[in-house]
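Chemist: 3D model of this:
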Amino acid sequence: MVEARLGIDLGTSSAKCIALDGAGRMLGASQERYQIERPSHGWAEQDPEAWWRAVTGTIRATVAALPAGSRIVSLGVSGQMHGLVLVDHALRALRPAIIWSDARSSDEVRQWHAKLGADAVEAMTGFPIATGMAGVSLSWVGRHEPAALERTAHALQPKDYVRLRLTGVAAVEPTDAGASLLFDLDRMVPDARLLETAGLAPEQLPGLVPTLEQAGELGAAAAREIGLRQGIPVAAGGGDQAMAALALGLDTPDRAAIALSSGGTVLVPVGPDSSAVTGYHRLAAPEPDRTLAMGVVLAAGLATDWLAAMTGTAPHALLEAAAQVRGDEHLVALPHLGGTRTPRANSSAQAAFAGLGFEHRPADLARALVEAVAIDLGASLLAIRGPAPASTSVVLSGGGARFAVWRQAVANATGMPVALSADLEHSAIGAALAGGIAAGAPVDFDARSRVDGTVDPQPEGVARLAALAERRAALAAAASLPVQQEGNPHG
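Modeler: Now for the predicted structure:
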């Protein structure tokens, strides 16, 4: 009989479910999409019921693909970070979820700055005061929809809502809780001043469960809806970046990862004194007493998807065309359609192209966006790890890793060989690994051996991106738009 561990990832645009056996082999996978709702300028919301429909659908489809006689031994959850889901005492969502890319709360950001101080909050929480963060979004709800906040029984992160629906148990866990602007990262406890500023009572936060421990069991109602047996152990799970780190083997400082999906991220394990990392996010790792540093470009795949929609082109076709054109160091792009998060949070930052000519086509613009994202991610990697090359291995993951133009741009921007992960759905895989650990049925999974080739930097490409980085810095300075300049990997 095959024993399967299910991993569920609640992403920004879709829910995914994968099943692993005890040797780490993929037994089945499924995906269901949903939309981001933008009912007003700067807003980004999603319907928790749409999440649940997608989650249940993708679980059913994954289980249907398993070998006959398979037994589900555990579930784990992963999900988009920073968002806010408010549920009442009947465990029903009170309003649409406010997700990480929401930018409505600029006034609340200013209030947090004035009351608490930007540096103090970032030192305590590991994250900047920024729109889209749960604490700041709570302040917005308290100001504009106070009745919803008054009726709130639990303030949850997105994947915690999915776990609640699976188990009937409300809980938070360190990787997401620490990224909410509500917790002291080092002590991993809610901070009274942060809660008071957010307008949240301590009892509105559920209890904290370690990421790799069991948070509950599959409840009767969810089991009937999904078609599984009641009582399957469900792990606390973690935020998508932390779960991806688990699947990518980011357990020592000699390994870093760059992920290309809706946004772009750099993840680097850092030592106990992670407070020395400034300008970049710090989040709890899945394992206790470990920390990850993270650099972020908010719009990576979102930027090229936007361009594809604007030009009436399929996203994959646009990226394939971009790989066929020669990059132009005179065509400069800033990819910040939704603002910036690192090295400085600025929700007002905007995207730009400069150097456009009659000769440029959509493929040229797509390549410029890809290379702009890669430059920022490469600069983040060097800024986090410092001048000494502590990170000797960089692994590339995410949907963008399927495309040659993204792969080569990252290698050229970092100036380092980039290993291509043989897996794609790292957050879902990490969730499955967490579920197996929590249920006492761990997976034999050697993340560092799961590599499907390496892309080396091209000397001419490294030089061209160095020149492009300088032009971008000058453009950003002239337009008062922030880009990473310190720790530029080319200078």
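Chemist: shaky segments in the stretch 201-350 of the chain?
Modeler: 271-277, 345 (pLDDT under 70).
Chemist: which residues of it fall in helices?
Modeler: For the stretch 201-350 of the chain, the helices defined by DSSP state H, counting those that start in this stretch cover 220-226, 240-248, 301-311, 315-322.
Chemist: what's opposite the residue nearest to Ala438 when sequence neighbours are not counted in the beta bridge?
Modeler: Among residues not flanking Ala438 along the chain, Ala235 sits closest, at 3.6 Å (Cβ to Cβ, 6 or more residues apart in numbering). The way it works is simple: take the backbone N, C-alpha and C, and place the C-beta from them, glycine included. Taking DSSP bridges as the rule, Ala235 bridges to Gln214.
Chemist: circling back: which of the helices of the stretch 201-350 of the chain is buried the deepest?
Modeler: Stretch with highest mean neighbour count among the helices of the stretch 201-350 of the chain: helix 240-248 (a mean of 29; mean count of other Cβ atoms under 10 Å).
Chemist: does the spatially closest residue to Val234 that is not a sequence neighbour lie in a helix or a strand, and which?
Modeler: Nearest in space to Val234, with sequence neighbours left out and distances taken as Cβ to Cβ, 6+ apart, is Leu75 at 4.7 Å. For Leu75, the host element (DSSP states H and E) is strand 71-79.
Chemist: re earlier: ok, which of the helices of the stretch 201-350 of the chain comes nearest Phe183?
Modeler: Closest approach to Phe183 among the helices of the stretch 201-350 of the chain is made by helix 240-248 (14.0 Å; Cβ to Cβ).
Chemist: how far away from the center of its chain is the closest one?
Modeler: Chain-centre distance of helix 240-248: 9 Å, with Cα atoms, centre = their mean, to the nearest Å.
Chemist: now the angle from that helix to strand 71-79?
Modeler: Angle between the axes of helix 240-248 and strand 71-79 is 130 degrees (criterion: axes from the mean of the first three to the mean of the last three Cα atoms, to 10 degrees).
Chemist: contacts for helix 240-248, please.
Modeler: Residues outside helix 240-248 that contact it (Cβ atoms under 8 Å, 6 or more residues apart in numbering) are 7, 9, 11, 76, 78-81, 159, 175-176, 211, 237-238, 255, 257, 259, 265, 267, 269, 283-286, 292, 294, 395, 397, 421, 423, 426-431, 433-434, 445, 447.
Chemist: so which of those residues are in strands?
Modeler: Mapping the contacts of helix 240-248 onto strands (DSSP state E) picks out 7, 9, 76, 78-79, 238, 255, 257, 259, 265, 267, 269, 283-284, 292, 294, 395, 397, 421.
Chemist: which of these are buried, as a ChimeraX select command?
Modeler: If you want just the buried ones from these in ChimeraX, going by 16 or more other Cβ atoms under 10 Å, the selection is:
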select :7,9,76,78,79,238,255,257,259,265,267,269,283,284,292,294,395,397,421
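Chemist: does the residue nearest to Val234 touch Arg229 like I think?
Modeler: No: if you go by Cβ atoms under 8 Å, Leu75 and Arg229 don't touch, sitting 11.5 Å apart.
Chemist: so what sits against both of these two?
Modeler: Contacts common to Leu75 and Arg229, judged by Cβ under 8 Å, 6+ apart, are Leu218.
Chemist: which one of these two is surrounded by more residues?
Modeler: Each of Leu75 and Arg229 has its neighbours counted (other Cβ atoms under 10 Å); Leu75 has more, 33 against 10.
Chemist: just say helix, strand or coil for the residue lying farthest from the centre of the chain.
Modeler: No residue in the chain has its C-alpha farther from the mean C-alpha position than Phe358, which lies at 36.9 Å (Cα atoms, centre = their mean). With DSSP: H, G, I helix; E, B strand; the rest coil as the basis, Phe358 sits in coil.
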